[in-house]
Structure formats: structure tokens, C-alpha cells
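Chemist: Build me a model from this:
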Amino acid sequence: MKSANITAAALQLYAVTDSRWLNGAALAEAVEKALAGGVTCVQLREKQLPFDEFLRTAKEIKSLCQSYHVPFIVDDNLDIALACDADGLHIGQNDMPAAKARKLLGPDKILGVSAQTVEQAIAACRDGADYLGVGAVFPTGTKTDAVEVPLDTLKAITAAVDIPVVAIGGIGADNIAELSGTGIAGAAVVSAIFAQDDIKKAAANLRQLMVKEF
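Modeler: A predicted model of the protein is given here:
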């Protein structure tokens, strides 16, 4: 697997934020615990924040990620990604076209693209994606409108592209081993880290499982 701007190893345990799981706890504090537990990449996905607060949060999380030498990705908001000089941007199929995002980001930033089919994966790869997010591989309570992607399709996607693929959707310590053999570079998790009482311990456990299985 090759990628110009991010390694497969940096995608092994990919934490995606969602403040709704934190019961009012500070997001930066939760992210720092996840980083201390061993997450290898962080995506800031906070759809409800107004621009100023989003930017302030993005700068704070970026600084934390830098201190742990972990890539910092902004979900679906090019303006925020550019304003805070994030390491990259992640977009879905219904967001900005990947080719346009790549042009606006420039060649040296990480571009992640969500894909649910082989055709979408190949197109994203052609249009400048550095990695793919594929899912939902299991039922998920985080994204209620998520389309389920069978493991056979996940395997077909990893076989069809030469950039790293990250599985996402309903992944936790109880089912992560089921993804072994699919060809993924890593797993993206939300509630399996941020909904846990001990975020650092949850992240460390998941990282250990990833190292063991992949």
C-alpha cells in the first residue's frame, strides 16, 4: 500500500471524536487520554460546533496531536482544515468532490475519502485520496444513516486500491478480530474509545488488539 502523505502504520488506530459520548467532559481532555492510550491518528468530527468554536477546538486538538506526533484530520470542513493548518481533511461521498478537495488542499496535505463500493474507492484513489474510510462494517449507533458494507466488499476494496484502507462503523474490542484478513491498514473508532469510562485504557486495549490481529 502506498500513499504520498500518510503511512498505513499511522492509520492503525484512528480515533474519531464525537462529544455526544463525553457526558459534558472536555473534548481536549478526552483526546489527550486517547493519545496517551496509543491512538495513531485523530479526526475531529464535530458537526454541531459554530465556526469560531470549531476553529478554537481544532487548534487545541491539533496542538495535542503534534505533541504525540500523530496526524490530525478535520472531518468535512475544508475552511477549518485550512484555517488551523490541519494535517488533512476527510470527506464523504456527499461532500465536496475529492478532486476539488485535493486541488484546494494542495498536494502535501492528507486527503481521506469515505467509500462504500469498489467503484467509489477506485474513483477516490484516482482523484487524489491518500487513504479510504470504508463502512459501516458493523451496525453503529454513532451514525444512524450509515450504510452497512459487507466484509466481502471491504476485502474487494482493499484489493482494488493501492492506498491504505481504514474500516469504520460499530468497531469495538469484541468484534475487531473479525476484520483480520480483510487487508485493512487500521480501524476507525468512536464510541469504543470516547464512550468508555477509562478512555486511555480503552484505547490501549484496542491498540494491543490491532497489533495482535493486523
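
Chemist: how about the helix or strand hosting residue 193 as PDB, C-alpha atoms only?
Modeler: Element membership for residue 193, per DSSP states H and E: helix 191-194. Only the C-alpha atoms of helix 191-194 are listed here, as PDB (Å, rounded to 0.1, in the frame of the first residue of the first chain):
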ATOM      1  CA  SER A 191     -17.700   5.100  21.000                       C
ATOM      2  CA  ALA A 192     -15.300   2.200  21.600                       C
ATOM      3  CA  ILE A 193     -12.900   4.900  22.900                       C
ATOM      4  CA  PHE A 194     -14.900   8.100  23.700                       C
END
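
Chemist: chain center to that helix, what's the gap?
Modeler: 13 Å (CA atoms, centre = their mean, to the nearest Å).

Chemist: Quick check: next helix or strand after that helix?
Modeler: Taking DSSP H and E, what comes next after helix 191-194 is helix 199-213.

Chemist: what's in contact with that following helix?
Modeler: 12-13, 15, 30, 33-40, 172-173, 176-177, 179-180, 186-187, 189, 192-193, 196 (CB atoms under 8 Å, 6 or more residues apart in numbering). Placement of C-beta: from N, CA and C, glycine included.

Chemist: One more: stretch 102-109?
Modeler: 4-5, 78, 81-82, 86-89, 96, 111, 127-129.

Chemist: For residue 115, which non-adjacent residue is spatially closest?
Modeler: Closest residue to residue 115 apart from its sequence neighbours, by CB to CB, 6 or more residues apart in numbering: residue 121 at 4.2 Å.

Chemist: Residue 154 too?
Modeler: Using CB to CB, 6+ apart, the closest residue to residue 154 is residue 182 (5.0 Å).

Chemist: now that neighbour: how far from residue 122?
Modeler: 17 Å (CB to CB, to the nearest Å).
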